[in-house]
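**Q** Here is my input; please provide its structure:
(one chain, ligands or ions: 1)
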Amino acid sequence: MSNTDKYAVFGNPIKQSKSPVIHAAFAEQCEQDLQYRAVRVELDAFERSVKSFFDGGGCGLNVTVPFKQRAFELADKCSIRAQRAGAVNTLLLAEDGSLLGDNTDGVGLVRDMVANLGWSLQGQRILILGAGGAVRGVLEPLLREKPRSLTIVNRTADKARELATEFGELGAIDGGGYELLADREFDLVINATSASLQGEMPDLPGSLLTARSCCYDMVYGAEPTVFMRWAALNTAWAVADGLGMLVEQAAESFYLWRKVRPATGPVINQLRNSLA
Ligand code: ATR
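**A** As a prediction, the model looks like this:
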């Protein structure tokens, strides 16, 4: 029997997942003997698929749409950041055999902005567009960076207000509808709406950017998103997409599983070239 350690990502759909390519690159770079597969799991089969994966000797799982909340429910114990997110994207076994859940999305976003792009978050005025699962997953790590303020705006304003209330004890955070943006400026704008995926973006006043503002879209692709084009047109200082976040969240999962931290720069470049 092979000694190769088994990892996988469970999602539905899963065809688009870049995780197998990313983890294969990490494994090669760090000389780790492992196999990582993308598995499409039927909607009613998530819990039993996780159980049979680990019962069959699997070492670790990533979990993606639409199963992150169910992975959170399923885990025996969760990290603080996963508890705050109410969602788990990484599962592993503890020594006593219990199932541990973590969430590496937020730390992936922060590492990409701070370490790769060189954007400081400390003392900055941050604006987040959207109030769905993607936002909930990143708020705790963002607030840990001690921004001056964090504002969440959303088409459904109540969802932004609720998030602001829930995370209020962690820092200066407010939330509401897009009308909150009138006459305000931000140092960093993060688009976490799914609008980019439909080639849309919320209607934003250009006046919210200064000559030093950075803009980040959590979505990535071969072409700049509508939001990225808007940012460039409104003379943002720097603009980035979410490819680096994708690789950084994977690197953090890899570290949790293997206790080895891969270099992410070469893998981000590899993926960027494959998109072109
Ligand atoms: P995710 O897990 O990616 O966050 P989600 O939970 O479905 O996905 O959330 C999608 C987010 O994008 C929501 O904040 C949504 O706004 P609503 O809460 O009002 O639905 C936002 N969104 C999607 N399409 C949008 C659009 N065209 N304009 C503005 N916001 C949009």
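
**Q** What strands line up against the longest strand along the chain, and which way round?
**A** Longest strand in the chain by number of residues, with DSSP state E as the criterion: strand 209-217. Taking DSSP bridges as the criterion, strand 209-217 sits next to strand 186-191 (parallel), strand 238-240 (parallel) in its sheet.

**Q** Spell out which residues of the stretch 51-200 of the chain are next to the ligand.
**A** By Cβ under 6 Å from any ligand atom, the part of the stretch 51-200 of the chain that sits against the ligand consists of 130-134, 154-156, 159, 193-195, 200. Every residue, glycine included, has its C-beta placed from N, CA and C.

**Q** so which of the strands paired with strand 209-217 is the most packed in?
**A** strand 186-191 (a mean of 24; mean count of other Cβ atoms under 10 Å).

**Q** Would you mind pulling the contact partners of it?
**A** Applying Cβ atoms under 8 Å, 6 or more residues apart in numbering, the external contacts of strand 186-191 come out as 109, 113, 119, 121, 124-130, 138, 147, 151, 201, 208-210, 212-219, 225, 227, 231, 236.

**Q** Grab the CA positions of that strand and hand them over as CSV.
**A** Provided in CSV are the C-alpha atoms of strand 186-191 (Å, rounded to 0.1, in the frame of the first residue of the first chain):
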residue,chain,number,x,y,z
PHE,A,186,-11.1,55.3,2.5
ASP,A,187,-7.5,54.1,2.4
LEU,A,188,-8.4,50.6,1.4
VAL,A,189,-11.5,49.3,-0.4
ILE,A,190,-12.1,45.5,-0.5
ASN,A,191,-14.8,44.2,-2.9
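
**Q** can you give me how far that strand is from the chain middle?
**A** Its chain's C-alpha centre and that of strand 186-191 lie 16 Å apart, by Cα atoms, centre = their mean, to the nearest Å.

**Q** Ok, stretch 158-174 next?
**A** How far stretch 158-174 lies from its chain's middle: 19 Å, per Cα atoms, centre = their mean.

**Q** Alright, that wraps it up for me.
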